[in-house]
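Asks: need coordinates for the below:
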Amino acid sequence: MKIRAIYITVLFLLATPFSCSDWMELIPPQGLIREEFWKTKEDVQAVVMGAYSTFAKMDGQLFKYGEIRADMLVRDYNVGQDEQLVMESNIYPDNSFCNWENFYKVINYCNEVIKNAPLVQDVDDTFSDFLMQGYMSEAVFLRSLAYFYLVRVYKDVPYVTEPTESDDAPVYQEKVDGDEILNLVRLDLEEYRKYATIDGFPTLTELKGRATKAAFDALHADIALWQFDYEGVLTHVGRIEANPEFVLMPMDKWFELYYPGNSLESIYEFQFDNNLNQNNSMYGMTWRYSHNYYPSEKALEMFALDYESLERKRGEEKSIAKYSEGEYIIWKYVGADGDGQTTRSGSEQNSANWVVYRLADVMLMKAEALSQMGRFGEALDIINAIRERADVTPINPALTESAYEDAILQERALELAFEGKRWFDLLRLGRRNDYARKNKLIEVIVQNVPSTQKRILAIKLTNPLG
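Replies: Okay, here's the model as predicted:
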C-alpha cells in the first residue's frame, strides 16, 4: 500500500469537530503537504483531536467487542453475517470483524504527535513545554487504550511506535507478544501520567472527554487487573479514590450517568454531539425498531420485573425497558430519563456519550483484586457499597476466591450492563490461574449459540486459545 507524498493523514477524520466546545475545531486545510505542517502548536492540537475523534467513531465496535460474544445480548435479523459468526464463535481471518485497521489509525495519529510535537517547539516560540507535554500525554493515553483493546481482542499484534510517513514504510510488521506490549504500555502510562492534568481543562466536556491523571489511573488499573497484578490495581485505583471530585452518583440520579452524561462519577467518556454531526452508533443499534441487539434471557432475569428482579435503580426502565409483552430493549443509549418511556429526541438521539471508565467500574476492579489477595472483608465492603447505591440488599459470599469472583462478576454485569465490559470480564475469569475456571467461561459462551452447535462449540473451546 503506497502512502502519498501529500500529507493528508489528518484531513479526512478531522473534518468534524469533536465536542460542543472549540477545543477540537482547528482543522488543517485540504492539500497541505508535510513540509507545511507541524509548524504551530495548533497543528499538534489538531492531530491530537483527530485521534480522539477517530477513537470515538469506534463506539459501536467497542460495544460489539465487549458484548456480542458474551451472554447479555441476543441478535435480530439486521445483524450482519460476520457478527452472527462471531456470536457463535465461528471466527475466521476473512471476517470483517477481525479488521484492526481503525485501532492502528488511532495509533498512527498518536505516533505522529509523539514524534513531531517536540520538533514544533523549534519553529513555534509560543509552544511551551507544559503544553507540549500535555498533548504528548494525551497521545500516549489514547495509544495505550488502543493497544489494550488490541491485546484483549487479538492477543499478539504488531507493536508500532513510529508514524507511517513515507512510501518506504513496512506494510506488514511482525506480531509482538501481547503481555510484552502491555508491559511497555504500562511503562508509558507511568512515565507520561505526570504530564497529564488533574483538573486543568476549562470545560466539563474536556475534563471528562480528554485524558486526565484519573483516566491514566483507570486504564492502568484495568491493565494491571488483566495481568493479575493485584497490588498494581490497588495503587492505581487508590490514586483515583484520593481525588474527592469523583463520587458515586446518588441512587436516584443513577441514570444521569447516561443522560446527560459527564457525571460526577465519570472518569473518561468519548463525547458526542449530534448538533455538530458527531454521531454515536448506540441509539441506532439499540432503539426499538433497530432489529439489531436486544437483552438476552440472562439480562431479563437480572433486570425485568416480570422475572421478579429486585433491581429497581438499575433494572427495568434503567438498563432495559419493556415495550410490550416479551418485547424489551437496551435503554441506556435510547432513554432521556430513567422511566423506560422518555426517549432521546431529535439531535439528542445520537449524542449519548460512550463511557469508558467511571468510579463504580474501578471500585469493582479494586474489589476483585482484594478478593484475589484473600482480603475478603475489604472486597465485600466495596461490593455492598455499590449495591447500597443501587438500593439492593447486601450479599455475603463464602470466603473463597471463586465465590467472590462469581459475586463480583455478577455485580459488574448488573452495574455495567451493555457498556462493553462483559466479554472482557468473562475472559479475565477464564484466563485466571492458568485457565482454572475455563469451563465456566465455556458455559457462558455456548448459552446464546444455536442448540445444534452447543456441544461442538464446547469441545472446540476446550482449547484455551480457541
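
Asks: quick one: the helices in the stretch 51-200 of the chain, in order.
Replies: With DSSP state H, counting those that start in this stretch applied, the stretch 51-200 of the chain shows helices at 59-67, 81-87, 101-120, 129-154, 178-192, listed in chain order.

Asks: to Ser53, which of those helices lies closest?
Replies: Taking Cβ to Cβ, helix 101-120 is the member of the helices of the stretch 51-200 of the chain nearest to Ser53, at 9.2 Å. Using the backbone N, CA and C atoms, a C-beta is placed for each residue, glycine as well.

Asks: got the buried residues for the closest one?
Replies: Using 16 or more other Cβ atoms under 10 Å as the test for burial, helix 101-120 gives 103-117, 120.

Asks: repeat for stretch 275-288
Replies: Within stretch 275-288, the residues scored as buried using 16+ other Cβ under 10 Å are Leu276, Gln278, Asn279, Asn280, Ser281, Met282, Tyr283, Met285, Thr286, Trp287.

Asks: pretty sure the last one sits against Thr343.
Replies: Pointing back at Trp287 there. Yes: with contact defined as Cβ atoms under 8 Å, Trp287 reaches Thr343; the gap is 7.4 Å.

Asks: what residues are shared contacts of these two?
Replies: Here Trp287 and Thr343 share the contacting residues Val334, Gln349, scored by Cβ atoms under 8 Å, 6 or more residues apart in numbering.

Asks: ok, of the buried residues of helix 101-120, which one's closest to Arg412?
Replies: Proximity of those to Arg412 was ranked by Cβ to Cβ; the top entry is Phe103 with 24.0 Å.

Asks: quick one: which of the buried residues of stretch 275-288 is nearest to Lys175?
Replies: The shortest distance between Lys175 and any of the buried residues of stretch 275-288, using Cβ to Cβ, involves Ser281 and amounts to 28.7 Å.

Asks: the closest one: what's it in contact with?
Replies: Residues near Ser281 by Cβ under 8 Å, 6+ apart: Asp59, Gly60, Phe63.

Asks: about what we covered before: out of the helices of the stretch 51-200 of the chain, the one nearest Thr393 is which?
Replies: Among those, the nearest to Thr393 by Cβ to Cβ is helix 59-67 (27.3 Å).

Asks: and the strands in the stretch 151-300 of the chain?
Replies: Counting by DSSP state E, counting those that start in this stretch, residue ranges of the strands within the stretch 151-300 of the chain are 157-158, 175-176, 266-270, 293-295.

Asks: just the pLDDT for the residue positioned nearest the centre of the chain.
Replies: Nearest to the centroid of the C-alpha atoms of the chain, with distances taken as Cα atoms, centre = their mean, sits Val356, at 4.1 Å. The score at Val356 is 98. That number is its pLDDT.

Asks: was I right to think Asn243 contacts Thr212?
Replies: No: applying Cβ under 8 Å, one finds Asn243 not in contact with Thr212, separated by 9.3 Å.

Asks: the more surrounded of those two?
Replies: When Asn243 and Thr212 are compared on other Cβ atoms under 10 Å, the one with more neighbours turns out to be Thr212, at 26 against 16.

Asks: in the sheet, who's paired with the more buried one?
Replies: Under DSSP bridges, the beta-bridge partners of Thr212 are Thr197.

Asks: same check on Val157?
Replies: Note on Val157: beta-bridge partners by DSSP bridges are Val176.

Asks: ok, so what distance separates it from Glu317?
Replies: Taking Cβ to Cβ, to the nearest Å as the criterion, Val157 is separated from Glu317 by 41 Å.

Asks: so where's the stretch 201-350 of the chain uncertain?
Replies: For the stretch 201-350 of the chain, not a single residue meets the criterion pLDDT under 70.

Asks: and the helices in it?
Replies: Secondary structure of the stretch 201-350 of the chain by DSSP H, counting those that start in this stretch: the helices cover 204-209, 213-226, 230-241, 282-286, 297-303.

Asks: buried sites along the third one?
Replies: Applying a neighbour-count criterion of 16+ other Cβ under 10 Å, the buried positions in helix 230-241 are Tyr230, Gly232, Val233, Leu234, His236, Val237, Arg239, Ile240.

Asks: quick check: closest non-adjacent residue to Asp188.
Replies: Closest residue to Asp188 apart from its sequence neighbours, by Cβ to Cβ, 6 or more residues apart in numbering: Val140 at 5.1 Å.

Asks: might one say that the one you found is in contact with Lys194?
Replies: No: taking contacts as Cβ under 8 Å, Val140 lies outside contact range of Lys194: 11.3 Å.

Asks: looking at these two, which is more packed in?
Replies: Val140 (23 against 10).

Asks: got a list of what that one touches?
Replies: Contacts for Val140 were tallied using Cβ under 8 Å, 6+ apart; they are Cys110, Ile114, Asp188, Leu189, Glu191, Tyr192.

Asks: Ile408: which of those residues is nearest?
Replies: Comparing the contacts of Val140 against Ile408 with Cβ to Cβ places Leu189 closest, at 23.9 Å.

Asks: count of residues packed around that closest one?
Replies: The number of residues packed near Leu189 is 22, by other Cβ under 10 Å.

Asks: what distance do you get for it to Leu248?
Replies: Distance from Leu189 to Leu248, by Cβ to Cβ: 25 Å.

Asks: what distance do you get for the closest residue in space to Arg143 that isn't next to it in sequence to Gly134?
Replies: In space, Arg143 comes closest to Cys110 once its chain neighbours are excluded; the distance is 3.8 Å by Cβ to Cβ, 6+ apart. The span separating Cys110 from Gly134 equals 14 Å under the rule Cβ to Cβ.

Asks: for Pro158, same thing?
Replies: 28 Å.

Asks: now do Leu204
Replies: 18 Å.

Asks: please say which of these two ends up with more neighbours.
Replies: It is Gly134, of Leu204 and Gly134, that has more neighbours when counted by other Cβ under 10 Å, with 21 against 13.

Asks: ok, the more buried one touching Phe201?
Replies: No: if you go by Cβ under 8 Å, Gly134 and Phe201 don't touch, sitting 9.6 Å apart.

Asks: follow-up on the earlier one: and which of the contacts of Val140 is nearest to Ser371?
Replies: Distances from Ser371 to the contacts of Val140, taken as Cβ to Cβ, are shortest for Leu189 (24.4 Å).

Asks: contacting residues for the closest one?
Replies: Val140, Phe141, Ser144, Phe216, Leu219, His220, Ile223.
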